[in-house]
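>>> how would this look folded up:
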Amino acid sequence: MIYLDYNSTTPTALEVIDDVSNCMKEFYTNPASISHFEGIKAYNKLNECREIVAQFIGGEKEYLYFNSGASEANNTVFKSIADYYSKLDKIHIITSQIEHKCILSVCSYLERFDNVEISYIPVDSSGVICLNALKNEIKPHTKLISIMAANNETGVLQPLKEVSKIAHEHNILFHTDAAQIIGKIPFSIASIDADFVSISAHKFYGPNGVGAIYCKHPEILSAYPLIFGGGQEYGVRSGTVNVAGISGMAKAAELCSAGYIEKSINQMEQMKQNFIDNLLSATKYVTINGDRYNSLPNTINLSFLGVKNSTIQKKLKMKLALSSASACSSHEQKPSHVLTAMGLNDDIIQGAIRLSFGQNTSPEELEQAGKLLLNTAERLRG
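Reported below is the predicted structural model:
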């Protein structure tokens with residue numbers, strides 16, 4: 001089996017597995033129990049991890065709060081901001097048509113309230129948001145702009161610096177879902193000046209079910225938290241803290257240091273471009289969806305014309321692990337909302353497949369995957 005579904009979940013690094021196991025043995029106590037030595041040990045371990053992860057993403061540890069991952073972080077930002085400004089006659093939030101399902105779903109929920117208005121800005125055919133459309137959507141009561149850093153289906157990168165500048169010029173809070181970009185290419189919160197950032201450890205070789213929200217305005221999230229309870233994580237996120245999972249996240253952050261990422265970028269980018277070039281030269285019945293250059297170096301979204309993605313996946317499910325959409329919605333068998341927003345036709349959307357690879361993928365494996373996909377598509381086309 002060749003694993004090409006890294007954008008769904010990366011394989012947990014062996015060093016991370018060892019770290020989590022050791023942490024469960026040594027730091028098993030609740031870090032909130034600082035009335036005794038074992039609790040103080042766990043508390044200090046937690047803060048050590050906080051500093052490591054904050055440094056990894058180019059932020060300050062005082063603004064980093066651990067949780068279960070980016071989906072929780074995204075829900076927290078949207079719901080807390082809506083609640084915080086709920087006394088206003090109108091609250092306006094701007095996001096894009098290609099966001100992760102968790103953001104589109106929480107937006108759908110918030111639109112049930114009479115005083116909440118959501119605008120969904122379009123993207124061009126390459127999958128990049130339209131900045132002019134963003135500017136035109138801004139209103140006096142706009143309180144939040146949320147644009148993802150990199151799309152989970154196409155890997156296309158968004159102009160975060162420009163979006164941040166537009167937001168702050170109008171005194172609007174800026175949030176980005178950075179789950180897909182962190183660990184794949186260098187990322188710095190300081191460089192984009194974001195107010196809120198969502199991250200997940202399992203996207204960069206860490207454990208599932210742990211992540212963080214970077215928040216420069218904790219007074220908003222602590223006043224209206226998503227989860228009520230004992231006030232852990234400085235009131236931003238209640239619930240007993242998962243020290244072992246967080247330790248694994250910190251270990252993954254250490255492994256994905258800036259130098260390590262820089263080394264892998266060139267190799268993965270070369271593998272990606274070679275794969276695309278070989279496929280395009282082998283058949284005229286394939287298209288590349290999204291900008292092949294302004295995108296993550298590990299992500300390829302392609303369509304075999306005249307062949308449904310579900311059919312290819314069934315034929316290759318014992319040989320290739322890949323996806324036709326976000327893993328969070330692929331079981332629904334619905335057309336990709338991302339490719340639909342890009343204006344692609346039904347034939348391309350129905351044939352779309354996402355390949356995402358990583359540190360453990362060899363050039364030979366990716367080449368073999370290309371041959372398997374091409375041969376299978378050609379047989380199915382007849």
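>>> I'd say Thr9 and His202 touch.
Yes - contact status for Thr9 versus His202: in contact at 4.9 Å, counting by C-beta atoms under 8 Å. C-beta here means a position set from N, CA and C on the backbone, and glycine is covered the same way.
>>> Spatially nearest residue to Ile118 (excluding sequence neighbours)?
Nearest residue to Ile118, sequence neighbours excluded (C-beta to C-beta, 6 or more residues apart in numbering): Cys107, at 4.7 Å.
>>> Just the residues contacting whichever helix or strand the one you found is part of, thanks.
Using DSSP states H and E, Cys107 falls within helix 101-110. Outside of helix 101-110, the residues within contact range by C-beta atoms under 8 Å, 6 or more residues apart in numbering are 70-71, 74-75, 78-79, 82, 93, 95, 116, 118, 120, 146, 148, 177, 326, 328-329, 337.
>>> any idea which helix or strand comes after it?
Past helix 101-110, the next helix or strand by DSSP H and E is strand 116-121.
>>> Report the helix or strand with the lowest average pLDDT across this structure.
helix 258-282 (a mean of 88; mean pLDDT, DSSP states H and E).
>>> Buried ones in that one, by neighbour count?
For helix 258-282, the buried set under the neighbour-count rule, 16 or more other C-beta atoms under 10 Å, comprises Ile261, Ser264, Ile265, Met268, Glu269, Met271, Lys272, Phe275, Ile276, Leu279.
>>> any common contacting residues for Thr9 and His202?
Asn208.
>>> quick one: which of these two has more around it?
Of the pair Thr9 and His202, His202 is the one with more neighbours under other C-beta atoms under 10 Å, namely 24 against 15.
>>> so what's that one closest to, chain neighbours aside?
Of all residues not flanking His202 in the chain, Asn208 sits nearest, at 4.5 Å (C-beta to C-beta, 6+ apart).
>>> what sits against the spatially most central residue of the chain?
The residue lying closest to the centre of the chain (C-alpha atoms, centre = their mean) is Ala179, at 2.5 Å. Applying C-beta under 8 Å, 6+ apart, we find Ala179 in contact with Gly69, Ala70, His100, Asn152, Ser198, Ile199, Ser200, Lys203, Gly211.
>>> which stretches of this structure aren't confidently modelled?
Scanning the chain for pLDDT under 70 picks out 258-260, 263, 325-333.
>>> change it to 50
Within the chain, the stretches with pLDDT under 50 are 326-327.
>>> And Leu144, how far from Ile353?
34 Å (C-beta to C-beta, to the nearest Å).
>>> more crowded one of these two?
Between Leu144 and Ile353, Ile353 has the larger neighbour count (other C-beta under 10 Å), namely 25 against 22.
>>> ok, how many other residues are close to the residue nearest to the more buried one when sequence neighbours are not counted?
Spatial nearest neighbour of Ile353, chain neighbours left out: Asn309 (5.0 Å); criterion: C-beta to C-beta, 6+ apart. If you count neighbours by other C-beta under 10 Å, Asn309 ends up with 24.
>>> so who does Asn309 touch?
Applying C-beta under 8 Å, 6+ apart, the residues near Asn309 are Ser303, Ser324, Gln350, Gly351, Ala352, Ile353.
>>> These in helices, which ones?
Among those, DSSP state H puts Gln350 in helices.
>>> Please identify which of the contacts of Asn309 is nearest to Glu162.
Among the contacts of Asn309, Ala352 lies closest to Glu162 (C-beta to C-beta), at 27.7 Å.
>>> isn't that closest one right next to Val338, touching?
No - at 9.1 Å, Ala352 does not count as touching Val338 under the criterion of C-beta under 8 Å.
>>> So which of these two has more stuff around it?
Higher neighbour count among Ala352 and Val338: Val338, with 28 against 25, using other C-beta under 10 Å.
>>> And the more buried one, how close does it get to Asn345?
If you measure Val338 against Asn345 using C-beta to C-beta, the figure is 14 Å.
>>> same thing with Leu302?
With the distance defined as C-beta to C-beta, Leu302 ends up 15 Å from Asn345.
>>> Give me the more crowded residue out of these two.
Shown here are Leu302 and Asn345; by other C-beta under 10 Å, Leu302 has more neighbours (24 against 12).
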